[in-house]
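# 3D, please:
(2 chains)
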Amino acid sequence: MKSVIERIRGMADVWPAERTFREGLITQLQRGFAAHGYRPIDTPVVESTELFLRKSGEERAAQMYAFDYRNRQIALRPEFTASVVRAFVAEGQGRPLPQRYAYCGPVFRYEKPQSGRSRQFTEAGVELLGARGPAADAEVIHLALASLEGLGLTDCTLRLGHLGVVGALLASLSLDDRVRDWFLWSMEQLRARGDDGLHRNLRDLLSAQQGFGANGAAATAEAGVAAADFPDLDGLSLDGLTEGQARSTVLSLLRGAGVELGGSNRSPEEIVERLLVKLRRPRVDFDIAHALAFLRRLIGLHGEPTTVLADTRALLADYGLDDGPVRELEEVLTLLQAYGHHQRIILDLGLGRGLHYYTGVLFEVHTGEVGGREAVIQLCGGGRYDDLAQILGARAPIPACGFACGVERIAAALVARGALVAEPAADLFVCGAGQVGMADLIAVAERLRRAGWRAELDLRGRRLAANLSYAERAGIPVVVIFGETELAAGEIVWRDLATRVERRYPLDDLPQPNSSDTSAER
RNA sequence: GUGCCCAUAGCUCAAUUGGUUAGAGCGCCGGUCUGUGGAACCGGAGGUUACGGGUUCAAUUCCCGUUGGGCACCCCA
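Numbers count the residues shown, from 1 in each chain, chains lettered A, B, ... in the order given. As a prediction, the model looks like this:
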């Protein structure tokens, strides 16, 4: 035997039992989507790499299956949202709003495989284009929760956040729109690693940039900019940097934040120029310190909704900011109650979700208790992305939100809760006995199939005993025997393997699926 | 991207601490049994010991690399 060709790392073969189980699961999800007016859409598995770079986080960009093919930059889709919005921009802009789309299919992310994570997995989800406000957000969140509930996953936890809080602050600081992304990213860093993590990250950036410029005349000057000279982020300043250093510092920060500089109609040089002008204004140091202090408080706001809402309102009041996001969250919570949801809900204003296209309400759904001992798996994620359509070329702003869930993870959660994954088997096994030709057997099998049965035909010409044994082991409940006697009489023998009862039926009057005189009903 | 564990027949595991031709159970296929299945008995197929190097008279066994699998971190569905 030749050496075996191995499966590509992170990819999975899905065997019939699992495959059938998933199919049922997906059908049920799609039925729920359809019940709310979401119609199925398919988009290509491959897209222009740029589609996913325009507004994705650094993390996402790094884990993309992207390659050059005949001078084109191609990527396997890492998600559906950008593709659906691209399709909408291309052909859907004339249609009545809102547009509701549902999708399901494989996506690809180059991550390290482990339990609940492979490099190809199946996302099912919806996008709601052209509707803003809590009612739209609540509909999408409801769909996520109801989908899981309908499948029997009732012990989920909803984690709900809102990027508008940090957005309100940033707007008040009159910083460039593009700096916003860097702060959102900082929020994630702060939340994940605390101040230390953020400082370390900044030092990494600065020292990496030192190595970068080490070949020019500026290298000696840069040697003075040791990482240790930036002990505190609040002291971030461009003072004492040469023009070139300042320029590359800003570039590094932006790139670190995953900001795509090529996606605008301004050149990277122009963008950096504008940023430098703003950063050099005397207020800027103060603004950044201000913003980071705000962020530190913000990421502390997570937990039980009523408490967190009050605390958030207080924070906004302290900074003289509008409490619009809090009112939205309140309304969303009210509407979720109207939908009849009673899942555990945690508000988390520090939620950032890596993807940089979110703009408002955003959420995740996890199994089990968050913070409890049980391993918590994220099943769904989504939120509001009001800017994406225009970033992808829509001629008007299109408010939008959506969510996606991981089919494999849901299946695993169901199995962990005792769901049965049954081996799919045919209803009938058709075999001969004695001297009966294959043509006659085929005729019988085809008659049974036309009657609605899933019938498997004996192709090995085995002994009857061997065939009975095979059907038994394959999980086929009934064996139809067509031998010389039956050929002469124009009937079949219908043998129920479980009860060992045999009945005879004329070929002209075969049993129907779901009729009460057979024991092999579906 | 970082760290840890693992790899012998389809499956579960052996192989006397480096020593003949790598074995067993289960499973699969066939026969005993040319029209009746969960049994028994008999036989058969199936391995470049994941792959590639190295050490050695000799490697499944020791070392390195690669690939694949598992787990945690990071991040996410």
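
# which secondary element of chain A has the worst mean pLDDT?
helix A:218-223 (a mean of 30; mean pLDDT, DSSP states H and E).

# partner residues bridging the residue of the stretch 401-522 of chain A found nearest RNA strand B?
As assessed by CB to the nearest atom of the strand, RNA strand B sits closest to A:G483 within the stretch 401-522 of chain A, at 2.4 Å. C-beta here means a position set from N, CA and C on the backbone, and glycine is covered the same way. Going by DSSP bridges, A:G483 is paired in beta bridges with A:A433.

# would you mind listing what in the stretch 301-450 of chain A touches RNA strand B?
Counting by CB under 7 Å from any atom of the strand, the stretch 301-450 of chain A comes close to RNA strand B at A:352-355, A:364, A:375, A:377-381, A:404-406, A:408-409, A:433-434.

# again, only using 10 Å
Within the stretch 301-450 of chain A, the positions adjacent to RNA strand B are A:351-356, A:358, A:362-366, A:375-383, A:403-410, A:412-413, A:431-436 by CB under 10 Å from any atom of the strand.

# out of those, which are buried?
The neighbour-count test (16 or more other CB atoms under 10 Å) marks A:351-353, A:355-356, A:358, A:362-366, A:377, A:379-383, A:403-410, A:412-413, A:431-433, A:436 as buried among those.

# so where do the helices sit in the stretch 301-450 of chain A?
For the stretch 301-450 of chain A, the helices defined by DSSP state H, counting those that start in this stretch cover A:305-318, A:324-338, A:388-391, A:407-416, A:438-450.

# roughly how far does the most centrally placed residue in chain A sit from A:Q120?
Nearest residue to the geometric centre of chain A (CA atoms, centre = their mean): A:A404, 4.2 Å. In this view, A:A404 and A:Q120 are 15 Å apart by CB to CB, to the nearest Å.

# one more: A:L388?
24 Å.

# quick one: which of those two has more around it?
A:L388 (29 against 17; other CB atoms under 10 Å).

# model confidence for A:E269, exactly?
The score at A:E269 is 66. That number is its pLDDT.

# swap in the one 5 residues further on?
At A:R274, the pLDDT value in this model is 66.

# and A:P511, how many neighbours?
23.

# just A:A131 next, same as before
18.

# correct me if wrong: it contacts A:L97.
Yes - counting by CB atoms under 8 Å, A:A131 touches A:L97, with 7.2 Å between them.

# now do A:S56: how many residues are near it, please.
23.

# before we move on, what about A:Y110?
15.

# leaving out chain neighbours, which residue sits closest to it?
Nearest non-adjacent residue to A:Y110, counting by CB to CB, 6 or more residues apart in numbering: A:Q63, 4.6 Å away.

# please apply the same query to A:L362.
A:G383 (2.8 Å).

# equivalent analysis for A:K55, please.
A:K55's closest residue in space is A:Y357 (CB to CB, 6+ apart), at 4.1 Å.

# pull the contacting residues for that neighbour.
A:Y357 makes contact with A:K55, A:S56, A:T81, A:Y385, A:D387, A:L388, A:I391 under the criterion CB atoms under 8 Å, 6 or more residues apart in numbering.

# at 10 Å instead, please
A:Y357 makes contact with A:54-57, A:81-82, A:85, A:181, A:383-388, A:391-392, A:400 under the criterion CB atoms under 10 Å, 6 or more residues apart in numbering.

# stretch A:144-160 vs RNA strand B: in contact?
Yes - remark: stretch A:144-160 sits within contact range of RNA strand B at A:A144, by CB under 10 Å from any atom of the strand.
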